[in-house]
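# using only what follows, build the 3D model:
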Amino acid sequence: MKRTASRGVVIDKGSPDFDAALLGTSFNAQDPGRRPDRIVQVNDVEEVIAAVKRAHDEGLTIGICSGGHSWAQNHIRDGGMLLEMSRLNGIAINEADDTAVIGPGCLAGELNAALAKRRLFFPVAHAYTVGMGGFLLQGGFGWNSRASGLACQSVIGIDVVLADGTLVHASEQENPELLWAARGAGPGFFGVVVRFHLKLHRRPKFVGLKLQIFRMRHLEEVMAWADKAGPDVSPSVEFQLVFNRRATGIFAHGIEVLAPVLTDRWSDAREAVAFIDRSPLRKKASLTLPLMPMSLNMMMKTGEKMLFLPNTRWTADSMWMNDPIDPMLPALRKIADSQPTAPSHALWLNWNAPPSRPDMAFSLEARTYLALYGGLRGKA
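Model (predicted):
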């Protein structure tokens, strides 16, 4: 979604600028064909309350958008009202108790940059332009989440406008059922969150990236090795494989082995990613780079620039897997052989969640994750 500094307005369907305003709420350039009756670009909490009350009085359903990174564009619905929340993007950091209060329209990259200046950390989304509202409500698979937990686990309170227009606060002590639901309910959450109260973490002192590239002919061996190695990989490492038609360094169809790592010491980071250098497949790699220091800001922006390009019509699908990789290898080979041109790509992620989580609405995760992204550049 394109960020704007302009004041928000109300735009009714049929207005000359309606379609541009609607489709501008989505990172995905695909037009889903759905149209709400009204877009309300809210500027502050009072306008949210007024819009919700109006929807209540007129019997309108409400769709909500903070950053517009939903692949399914589920905030764009037929009929009803769309609340566009990008202007509620404030960030207030309290260094005394390591907490922050943010608006749902705050972008992941903005929050990360503000915290980095204070040597604080939050498991923000991997892409710079993801709005924190939708990200947090859907659980939040963020940076360093294998070590610091899902982002929603660090949500300690919300200020939420309920369906009748009432503004309430929810925490472990006050309206705890609302906080329980906000931690993972996703787009089905039954309120409009106008502020998130976050518990912050100490910032890891070292952030870096280990990179290795294989040609696609080695797919079965690489996937079997990654699947076997995954459970023993340090939680400080985000071990992942990307199928890329223009893989880094070889500019041909290949598998990018990526291992971002966040620790307090370079030596710990080097040991955490050493499994890549010790791999029995190392000699088959076309490229192996040493561990490189790299800021989260750079990784976030580079990932968007290389894989998640704007002005692209996206389709996406994903699945969680607990079973060993062997039965999946023929399907993975088929995926690779039929892979469209860049920026289309496939992602395999080593997750291996802890045995338990706090009691919250979020409930779906498994050992590994597979996602397919089909991207077609340009307008339809």
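
# end to end, how far does stretch 100-114 reach?
With Cα to Cα, to the nearest Å as the measure, the ends of stretch 100-114 fall 11 Å from one another.

# list the contacts of it.
For stretch 100-114, the surrounding residues in contact (Cβ atoms under 8 Å, 6 or more residues apart in numbering) are 3, 66-67, 85-94, 115, 122, 124-135, 142-143, 193-198, 200, 296-297, 300-301. No exception for glycine: its C-beta is placed from N, CA and C like everyone else's.

# could I have the PyMOL command that selects the buried members from the residues you listed?
Buried residues within these, by 16 or more other Cβ atoms under 10 Å, are selected in PyMOL with:
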select buried, resi 66+67+85+86+87+88+89+91+93+115+122+124+125+126+127+128+129+130+131+132+133+134+135+142+143+193+194+195+196+197+198+200+296+300
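
# helix, strand, or coil at A125?
Three-state assignment for A125 (DSSP: H, G, I helix; E, B strand; the rest coil): coil.

# separation between the residue nearest to it when sequence neighbours are not counted and I93?
In space, and not counting its chain neighbours, A125 is closest to A108: 3.8 Å by Cβ to Cβ, 6 or more residues apart in numbering. Plainly put, A108 is 15 Å away from I93 if you go by Cβ to Cβ, to the nearest Å.

# try V52
Counting by Cβ to Cβ - V52 and I93 are separated by 28 Å.

# then L150?
According to Cβ to Cβ, L150 and I93 sit 21 Å apart.

# again with D57
Where I93 is concerned, D57 sits at a distance of 38 Å (Cβ to Cβ).

# next one: L167
Distance from L167 to I93, by Cβ to Cβ: 23 Å.

# for the nearest residue to S145 once chain neighbours are set aside, which residues are in contact?
What sits nearest to S145 in space, not counting adjacent residues and going by Cβ to Cβ, 6+ apart, is P123, at 4.7 Å. Applying Cβ under 8 Å, 6+ apart, we find P123 in contact with G140, G142, W143, N144, S145, S148, G149, L150, A151, S154, H201.

# and P123, backbone torsions?
Per-residue torsions, P123: phi -70, psi 70 (degrees, to the nearest 10).

# pretty sure A151 is touching S145, no?
Yes. The criterion here is Cβ atoms under 8 Å, and A151 meets it with S145 at 6.7 Å.

# more neighbours, those two?
Neighbours per residue (other Cβ atoms under 10 Å) separate A151 from S145, with A151 holding more: 26 against 22.

# S279 and V222 touch, don't they?
No. Using Cβ under 8 Å, S279 is not in contact with V222, being 9.0 Å away.

# okay, those two: which has more neighbours?
V222 (24 against 19).

# you'd agree the more buried one is up against L281?
Yes. Look at V222 against L281 with Cβ under 8 Å: they come within range, at 6.4 Å.

# joint contacts of those two?
F214.

# got the contact list for the spatially most central residue of the chain?
Nearest residue to the geometric centre of the chain (Cα atoms, centre = their mean): A125, 4.2 Å. Applying Cβ under 8 Å, 6+ apart to A125 gives the contacts H69, A108, M132, F135, G140, G142, W143, A151.

# and the furthest pair within those?
H69 and W143 (15.4 Å; Cβ to Cβ).

# show me the shaky parts of the stretch 151-300 of the chain.
Residues of the stretch 151-300 of the chain meeting the criterion pLDDT under 70: none.

# okay, strands next: where are they in it?
For the stretch 151-300 of the chain, the strands defined by DSSP state E, counting those that start in this stretch occupy 155-161, 167-170, 192-199, 201-202, 206-215, 240-244, 254-263, 287-288, 292-293.

# in its sheet, what does the third one sit against?
By that I understand strand 192-199. In the sheet, strand 192-199 lines up against strand 99-102 (antiparallel), strand 155-161 (antiparallel) (DSSP bridges).

# what does the second one give?
In the sheet containing strand 167-170, its partner strands are strand 155-161 (antiparallel), by DSSP bridges.

# buried residues in the strand it pairs with, which are they?
For strand 155-161, by 16+ other Cβ under 10 Å, it's V155, G157, I158, D159, V160, V161.

# for I213, state which of the residues you listed is nearest.
V155 (37.3 Å).

# quick one: the closest one from L115, how far?
From V155 across to L115, the span is 15 Å (Cβ to Cβ).

# for the residue nearest to the centre of the chain, give its distance to D17.
Distance, A125 to D17, using Cβ to Cβ: 29 Å.

# just S344 next, same as before
Noted for S344: a distance of 32 Å to D17, by Cβ to Cβ.

# comparing those two, which residue is more hemmed in?
The neighbour comparison of S344 against D17 (other Cβ under 10 Å) goes to S344, with 20 against 11.

# quick one: the helices in the stretch 251-380 of the chain, in order.
Along the stretch 251-380 of the chain, counting by DSSP state H, counting those that start in this stretch, helices occupy 266-272, 274-277, 296-306, 329-337.

# distance to Q73 for these - can I get that in TSV?
Output for the helices of the stretch 251-380 of the chain, formatted as TSV (distance: least, Cβ to Cβ, whole Å):
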stretch	distance to Q73
helix 266-272	37
helix 274-277	37
helix 296-306	18
helix 329-337	24
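
# quick one, which of those helices gets closest to D98.
Of those, nearest to D98 by Cβ to Cβ is helix 296-306, at 18.0 Å.

# helices and strands around the closest one, which ones?
Identification of packing neighbours for helix 296-306 by 3 or more Cβ pairs under 8 Å, 6 or more residues apart in numbering; DSSP states H and E yields helix 108-116, strand 206-215.

# what's the angle from it to strand 254-263?
Helix 296-306 and strand 254-263 are oriented at 160 degrees to each other (axes from the mean of the first three to the mean of the last three Cα atoms, to 10 degrees).

# how far is helix 296-306 from where the chain is centred?
Relative to its chain's centre, helix 296-306 lies at 13 Å (Cα atoms, centre = their mean, to the nearest Å).
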